[in-house]
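Visitor: Have a look at this fold, sequence not included:
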């Protein structure tokens, strides 16, 4: 398996790069199916943008409208609590720099950019696996629901952590990048008013428009103004403003999409389970597998022109995005058949699901 | 003139806001003509963007292509010297933070965001009016050609300043936001290799696509990597990537546009001069007037539905962008006639051009 190991070690850090996929699997079936991200394959419907969205500087009044619509969609107290940015990513170092360099704990494993951003802001960063270890930090960071395993921390526990952070002048950062698909009762976007807490929301994932670059920080008002000062005027592009305002206000589309993604995630799970690969977590925007066969599955999928997400540091894990169509689901089924076909004669090679780490105490 | 003064004091800081214009002049003629920015009214031709520019995360390989094309267009040493960002604006505080907090001198008056960004990065900021005073700074900032007066510092003097900054571990920042319309011989985008120098270029102004948000920092390679680390992946939106690659490679369009803008700027100057308002500077993307009649001209233009740029701190200055059509030029002519009509009976009210400040010694 030397060749496969080489492949798995050099895969893109965050998924989503078909150029790298083609370099890894030059003889793969085309067109590539990219399941390496957690981006909704059913994007919000395109509409004609006014030419001025491209030609003019974005209007401050339109940006304020976006903030107001986003506040309603995310359950934030008000538009003044919402900072719009060209993607959540660009906010991470600025959010981490909101408190002086100190101890940052990141609930891990999770999205790797949080660790990097906190280090960039000068913090002494520790990755912790137990929620309770976050209380010792000055900057506590977690993703909820978590990427890639979908682990959820409930709101009551988050609020107690926020309270501790606030009381010592620290900061809790909750990245709710995938909270659009729930469980919405655990969102703390409405609880930012007292300070000590920043909630991040991502537009591109749930609305399937990752290319427009739009993300939000939700916080107490003084912190929101600080973050905005750091971005300066016209941070969000015209097309992102227009799509943001339309899509975030379209609650009917959002409701329908949540139901659709749940159903499609269940179908995907059934396909994997039928081939001895039980899905052990995730959200309706991506599924998570822990299996000793991860690198084998990754490689066979790659040969079939299907890019899924593996993790250099955790070779038994896979994250799989949702396919866009029945046709794509058929190609997944073919890859799964190829995998179970190759392993059928030799039952020892059959994937044994690995035990999940014990959940942190409630 | 109390009413007029009230109006002029509350105008948008950077121009470009029609919502604020409508609030200032509720009875103005519609549609508004926005001449308050230095954005080319003849935008690069629209083309169909691939759906993936909106739906997918921008590809790293496509971003590298943009950097390479930008390097060629701007005369930078290579693509590795170019950092692409969602607008130059968002780069300003990060560029100012490249050196430890110290003495920042901004050659003024100029684009106000440089002062703000340097202060945000912790510097002790001084606005200096003499180029030679920049040598005393640790962070020297200037715009070349300057906004709003079009003043040009030649390359030889800039290189001597860069050398001094480099030798003391300081930094020279040259914002070449309007250098697309020249004089290109004074650009120092090709001179960044030795360090101590960051050149900023703006995509949206010359290409008339300010809404897509695209700007560049050009620097020595280690500094470029630092800036990129601070932005993180996917900083530039898909539409900006696609327009950037196409437009920056289109040298024929660029050449033709330079000639066209020069001609149109000359026509605009002639209209103003005919009414006793001689243009005293600027670039082919905006014209600059120093006149005692500035606030009167601003208000009459406002009533005619033409937003031009005034400056709260410098009440005798105006900046006027280029109109997009003959039709818009006619409306400018009407406003000019209204202005000279009201002032004709009373020659004392006729604008006397103010003397320009003495140029700094060569």
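Guide: Happy to help now that I have it. Just so it is clear, the model here is predicted, and its values are computed rather than measured.
Visitor: can you pull the contacts of the residue of the stretch 251-362 of chain A at minimum distance from chain B?
Guide: Nearest residue of the stretch 251-362 of chain A to chain B: residue A:324, at 9.8 Å (Cβ to the nearest Cβ). Yep, even glycine has a C-beta here, placed from its N, CA and C like the rest. Contact analysis of residue A:324 by Cβ atoms under 8 Å, 6 or more residues apart in numbering or on different chains lists A:41-42.
Visitor: three-state assignment of it?
Guide: Secondary structure for residue A:324, judged by DSSP: H, G, I helix; E, B strand; the rest coil, is coil.
Visitor: Point out where chain A drops to low pLDDT.
Guide: Within chain A, the segments meeting pLDDT under 70 span A:1-16, A:342-362.
Visitor: could you redo the last one with a cut-off of 50?
Guide: Counting by pLDDT under 50, chain A has low-confidence residues at A:1-13, A:344-350, A:356-362.
Visitor: how about stretch A:80-96, does it reach chain B?
Guide: Yes: interface with chain B: stretch A:80-96 contributes A:86-87, A:89-90, A:92-93 (Cβ under 8 Å from any Cβ of the partner chain).
Visitor: Serialize the residues you listed to a markdown table and add fields for secondary structure and neighbour count.
Guide: What follows is these, written out as a markdown table (DSSP: H, G, I helix; E, B strand; the rest coil; neighbours: other Cβ atoms under 10 Å in any protein chain shown):
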| residue | secondary structure | neighbour count |
| --- | --- | --- |
| A:86 | coil | 28 |
| A:87 | coil | 28 |
| A:89 | helix | 23 |
| A:90 | helix | 23 |
| A:92 | helix | 27 |
| A:93 | helix | 22 |
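Visitor: from these, which two are the most distant?
Guide: Spatially, the most separated pair among the residues of stretch A:80-96 next to chain B is A:86 and A:93, at 13.8 Å (Cβ to Cβ).
Visitor: quick one: the strands in the stretch 251-362 of chain A?
Guide: In the stretch 251-362 of chain A, the segments counted as strands under DSSP state E, counting those that start in this stretch are A:281-283, A:286-290, A:306-307, A:309-310, A:317-321.
Visitor: Give the buried residues for the last one.
Guide: Right, strand A:317-321. Buried residues in strand A:317-321, counting neighbours by 16 or more other Cβ atoms under 10 Å in any protein chain shown, are found at A:317-321.
Visitor: tilt between it and strand A:286-290?
Guide: For strand A:317-321 against strand A:286-290, the angle by axes from the mean of the first three to the mean of the last three Cα atoms, to 10 degrees is 160 degrees.
Visitor: for strand A:317-321, packing partners?
Guide: Strand A:317-321 sits against strand A:286-290, helix A:294-303, strand A:309-310, with contacts defined as 3 or more Cβ pairs under 8 Å, 6 or more residues apart in numbering or on different chains; DSSP states H and E.
Visitor: Export the ones you listed as CSV, with columns for distance to residue B:312.
Guide: Shown next, in CSV, are those (distance: least, Cβ to Cβ, whole Å):
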stretch, distance to residue B:312
strand A:286-290, 51
helix A:294-303, 60
strand A:309-310, 52
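Visitor: For chain A, which helix extends over the most residues?
Guide: In chain A, with assignment by DSSP state H, the single longest helix is helix A:251-274.
Visitor: buried ones in it?
Guide: Per 16+ other Cβ under 10 Å, helix A:251-274 contains these buried residues: A:254, A:257-258, A:261, A:264-265, A:268-269, A:271-272.
Visitor: and what of stretch A:65-84?
Guide: Buried residues in stretch A:65-84, counted by 16+ other Cβ under 10 Å: A:65-71, A:73-77, A:79-84.
Visitor: Which ones among these lie within strands?
Guide: Among those, the members found in strands (DSSP state E) are A:82-84.
Visitor: ok, the residues you listed vs chain B, which is closest?
Guide: Using Cβ to the nearest Cβ, residue A:84 comes nearest to chain B of those, at 11.8 Å.
Visitor: How much space separates the closest one from residue A:91?
Guide: 10 Å (Cβ to Cβ, to the nearest Å).
Visitor: now do residue A:140
Guide: Relative to residue A:91, residue A:140 is positioned 17 Å away (Cβ to Cβ).
Visitor: What of residue A:115?
Guide: For residue A:115, the distance to residue A:91 equals 15 Å [Cβ to Cβ].
Visitor: Please apply the same query to residue A:270.
Guide: In terms of Cβ to Cβ, residue A:270 sits 37 Å off from residue A:91.
Visitor: Spell out which residues of the stretch 1-150 of chain A are next to chain B.
Guide: Applying Cβ under 8 Å from any Cβ, we find that the stretch 1-150 of chain A lies next to chain B at A:12, A:14, A:16-20, A:34, A:37, A:39, A:43, A:46, A:51-61, A:86-87, A:89-90, A:92-93, A:113, A:116-117, A:120.
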